[in-house]
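In: structure, please.
(chains A, B, C, D, E and F)
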Number of protein chains: 4
Amino acid sequence: MSRQPDEDKQQRILKAAIEVFGTQGLERATMKDIADLAGVAPGTLYTYFADKEALFVGAVDRVWDDFFAGTEAILAKGSDPRTSSKALLGYGLEMLKALYPLVRGMISAANRLDLMHARLDSLALLISKSMSGLPNATFETMRIWISGVLFLLATVPHKDIDHEIDRVKGSLLRLLEAP
Amino acid sequence: MSRQPDEDKQQRILKAAIEVFGTQGLERATMKDIADLAGVAPGTLYTYFADKEALFVGAVDRVWDDFFAGTEAILAKGSDPRTSSKALLGYGLEMLKALYPLVRGMISAANRLDLMHARLDSLALLISKSMSGLPNATFETMRIWISGVLFLLATVPHKDIDHEIDRVKGSLLRLLEAP
Amino acid sequence: MSRQPDEDKQQRILKAAIEVFGTQGLERATMKDIADLAGVAPGTLYTYFADKEALFVGAVDRVWDDFFAGTEAILAKGSDPRTSSKALLGYGLEMLKALYPLVRGMISAANRLDLMHARLDSLALLISKSMSGLPNATFETMRIWISGVLFLLATVPHKDIDHEIDRVKGSLLRLLEAP
Amino acid sequence: MSRQPDEDKQQRILKAAIEVFGTQGLERATMKDIADLAGVAPGTLYTYFADKEALFVGAVDRVWDDFFAGTEAILAKGSDPRTSSKALLGYGLEMLKALYPLVRGMISAANRLDLMHARLDSLALLISKSMSGLPNATFETMRIWISGVLFLLATVPHKDIDHEIDRVKGSLLRLLEAP
DNA sequence: GATGAATGAGACTTCATTCAT
DNA sequence: AATGAATGAAGTCTCATTCAT
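Out: Below is the predicted model of the structure:
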């Protein structure tokens, strides 16, 4: 009967939003930039998201959801703690690299930092439970490690990201393997 | 004619900037807000800082410098590693609490996150050196811990900050005291 | 194929337009609001009316036509001037109350006020002719009274409309009954 | 010390606003049009008025205040009712002619029509009190006349305004002179 | 040097209208 | 003929910065 809402278009918008919010931060990012990158008219953004804030939250949610799903998938395999912790570490760092722009965007949204705090708790809980055999992997310790890694990878200049990942991975592996 | 009165004004502006950038973040903060809080006219800000960005960088620098100075003072006392590490931890958390608004502001300035990264390295180096006796206090580990603590305290809702400090302090003490 | 269903739709649209233009005024009313109320898609409005302006004129015309028809019906009964004048007054005020939203809408369309002016003349002429026996009911006086009543009822807050009608009715009856 | 707020500028803005709101109505008028006509930058309007609505209300208030002042000045002369009523009529019509654009603007602001209603009452009261000797000049009658005249003059096409004034003046004089 | 009114670019958002389906 | 997603022009308002005083 008419042009129907386009699942694809929503995804394209979200992807563009992740990219632009990540590069510019919530405030500097403009709706026009996002629309241009998504290949739609500015008005079209408002067909899928009520306003700029909603689009931002949509982008952040999308990334966290994906990340949690990935984490759970790894844990579901039920390997021994040492093995899954390594898998998780690899997965997490890889994701952080891939999502670098958005993580920066999330962090730069000062008025949404509280959302992150809560999510970090959930993540730390999930991981520490599945790793109860390891000496250093308590819930509280986990929170600090995860936060630290997140922050280090969000703040490193993009060109240095691979180097940073190596550094972080090295330290964490050493900690995990501590007797 | 002495330059004293002008330096006063510059300090007043910087203090106001720290407060306002901290509360609002880089983008939301307005030059007028800062001028009002400093008790000067908007135009006056431009006598002391080239533009908004320069004022922001000035505010961040000021805070880091203070923090480094405090850290060095503690290390200069030359206590044994275990003692100074506890002192540092107390000092750092206290500062983070006091500077909560600005730390949030710094973090929310996505386009300046790289500045933080470099500073974190210096800080971690300084601390780890002075603590070379402790098993877990390597430079690399330190970076992650410091980043994690910084991030956790920056993202916690302000009303929960004391609770968060207790949690973080507890974990870190346990890590430091690990055999 | 009959045109019946389409005429139905046109009427539904017109009715919705009267309601929405009346409530919101020409500028604030949106084509989407009208379409929603009429139970059609926005695009459909353009099958029946060239654009928003044409739809507005259509709505106003419709109301005036109805009002004229009602007025003529009363005059056609050929009662004596005093009787029909009272009947007209009652009818007119009742209509104004029922059409309150649209009358406000008409009045608020500054760029169409001239249309009203011409219609007022026709109405005053029609009424004054049929009332030539009454001393105060000249064409010119009629115009002023009708305009005044229209305006008072259009500008009164809706909750006070009954009270306003009573006031207006009282004054006019007194004027008509003047010796 | 700096460019000081300019009484003149506020008046220039108000005058421009009266002109533009009158010509275009509240919604069609743009802040840019008003700024251009006043010879200032768009942003300057916001130094003197909080937003478009406030500017509109400012313009309307200004005109009503002037009008009341003029009316009271005439009544203060204490002439006999017949004389002052004629003076008032002349003054009122002259003002309506001069303020034609704004009166249209006021009327077209559907969401402010209630303000007019209250003002009309005050005006009718003021006039009817001062005219208690005249047979047709009761408060209630006055309200209708004033409203009618206001509306007729607001809705007449501008080119016909002199003709309309003559018509209205003629009818009212005849009513006032009724035995 | 200080002031703060003035500037004007640019942001978000709305919505009349179009047109592929 | 009907639909409604898409368009994009245009509007209001903000605010960093300038500059006359």
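In: now find how far off-centre the longest helix that chain A contains is within its chain.
Out: As assigned by DSSP state H, the longest helix anywhere in chain A is helix A:52-76. Centroid displacement of helix A:52-76 relative to its chain, using CA atoms, centre = their mean, to the nearest Å, is 7 Å.
In: dump the C-alpha coordinates for whichever helix or strand comes after it into PDB.
Out: Heading C-terminal from helix A:52-76, the first helix or strand you meet, by DSSP states H and E, is helix A:81-98. What follows is helix A:81-98, C-alpha atoms only, in PDB (Å, rounded to 0.1, in the frame of the first residue of the first chain):
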ATOM      1  CA  PRO A  81      37.200 -21.000  34.200                       C
ATOM      2  CA  ARG A  82      40.700 -20.500  33.000                       C
ATOM      3  CA  THR A  83      39.800 -21.300  29.400                       C
ATOM      4  CA  SER A  84      36.600 -19.200  29.300                       C
ATOM      5  CA  SER A  85      38.300 -16.300  31.000                       C
ATOM      6  CA  LYS A  86      40.800 -16.200  28.200                       C
ATOM      7  CA  ALA A  87      38.100 -16.500  25.600                       C
ATOM      8  CA  LEU A  88      36.200 -13.700  27.300                       C
ATOM      9  CA  LEU A  89      39.200 -11.500  27.400                       C
ATOM     10  CA  GLY A  90      39.900 -12.000  23.700                       C
ATOM     11  CA  TYR A  91      36.200 -11.400  22.900                       C
ATOM     12  CA  GLY A  92      35.900  -8.300  25.000                       C
ATOM     13  CA  LEU A  93      39.000  -6.600  23.700                       C
ATOM     14  CA  GLU A  94      38.000  -7.400  20.100                       C
ATOM     15  CA  MET A  95      34.600  -5.900  20.700                       C
ATOM     16  CA  LEU A  96      36.000  -2.900  22.300                       C
ATOM     17  CA  LYS A  97      38.200  -2.400  19.300                       C
ATOM     18  CA  ALA A  98      35.400  -2.800  16.900                       C
END
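In: ok, residues contacting helix A:81-98?
Out: Outside helix A:81-98, the residues within contact range by CB atoms under 8 Å, 6 or more residues apart in numbering or on different chains are A:66-67, A:70-71, A:74-75, A:77-79, A:103, A:127, A:130-134, A:137, A:146, A:149-150, A:153-154, A:161-162, A:165, A:168-169, A:172-173, A:176-177. From N, CA and C alone the C-beta is placed, and that goes for glycine too.
In: confidence-wise, which helix or strand of chain A is lowest on average?
Out: Within chain A, confidence by mean pLDDT, DSSP states H and E is lowest for helix A:100-108 among all helices and strands, at a mean of 74.
In: buried subset of the contacts of helix A:81-98?
Out: A:67, A:71, A:74-75, A:103, A:127, A:130-131, A:134, A:137, A:146, A:149-150, A:153-154, A:165, A:168-169, A:172, A:176 (16 or more other CB atoms under 10 Å in any protein chain shown).
In: low-confidence ranges in chain A?
Out: Applying pLDDT under 70 to chain A flags the ranges A:1-6, A:108-112, A:178-179.
In: do you know how far the residue of it found nearest DNA strand F is from chain D?
Out: Using CB to the nearest atom of the strand, the single residue of chain A nearest to DNA strand F is A:G43, 1.7 Å away. Distance, A:G43 to chain D, by CB to the nearest CB, to the nearest Å: 20 Å.
In: host element of that residue?
Out: Using DSSP H and E, A:G43 maps to helix A:42-48.
In: is that helix in proximity to DNA strand E?
Out: Yes - Helix A:42-48 is in contact with DNA strand E by CB under 7 Å from any atom of the strand, via A:P42, A:G43, A:Y46.
In: turn those residues into JSON lines, columns for neighbour count and distance to C:T23.
Out: JSON lines is the format used below for those (neighbours: other CB atoms under 10 Å in any protein chain shown; distance: CB to CB, whole Å):
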{"residue": "A:P42", "neighbour count": "13", "distance to C:T23": "29"}
{"residue": "A:G43", "neighbour count": "9", "distance to C:T23": "25"}
{"residue": "A:Y46", "neighbour count": "15", "distance to C:T23": "24"}
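In: which positions in chain A make contact with chain D?
Out: Taking CB under 8 Å from any CB of the partner chain, no part of chain A reaches chain D.
In: wait, what's in contact with A:P101?
Out: A:P101 makes contact with A:I18, A:E19, A:F21, A:G22, A:T23 under the criterion CB under 8 Å, 6+ apart.
In: and the last one, how far from chain D?
Out: Using CB to the nearest CB, one gets 29 Å for the distance from A:T23 to chain D.
In: which residue is the nearest non-sequential neighbour of that residue?
Out: Once flanking residues are discounted, A:T23 sits nearest to A:P101: 5.4 Å by CB to CB, 6 or more residues apart in numbering or on different chains.
In: sorry, back to before: who wins on neighbours among the contacts of A:P101?
Out: Compared across the contacts of A:P101, A:F21 has the highest neighbour count, 28 neighbours, by other CB atoms under 10 Å in any protein chain shown.
In: residues making contact with the helix or strand hosting that one?
Out: Per DSSP H and E: A:F21 is located in helix A:7-28. Outside helix A:7-28, the residues that touch it by CB under 8 Å, 6+ apart are A:29-30, A:33-35, A:37-40, A:44-45, A:48-49, A:52, A:55-56, A:58-59, A:62-63, A:99-105, A:108-109, A:112, B:25-28, B:108-111.
In: picking up where we left off before, the longest helix of chain A and chain B in contact?
Out: No - using CB under 8 Å from any CB, helix A:52-76 stays clear of chain B, coming no nearer than 12.5 Å.
In: list the buried residues in that helix.
Out: Buried residues in helix A:52-76, defined by neighbour count with 16+ other CB under 10 Å: A:52, A:55-56, A:58-60, A:62-64, A:67, A:71, A:74-75.
In: who's in contact with A:G133?
Out: Applying CB under 8 Å, 6+ apart, the residues near A:G133 are A:D80, A:P81, A:R82.
In: let's verify it: helix, strand, or coil?
Out: Under DSSP: H, G, I helix; E, B strand; the rest coil, the three-state class of A:G133 is coil.
In: A:A124 versus that one, what's the distance?
Out: 16 Å (CB to CB, to the nearest Å).
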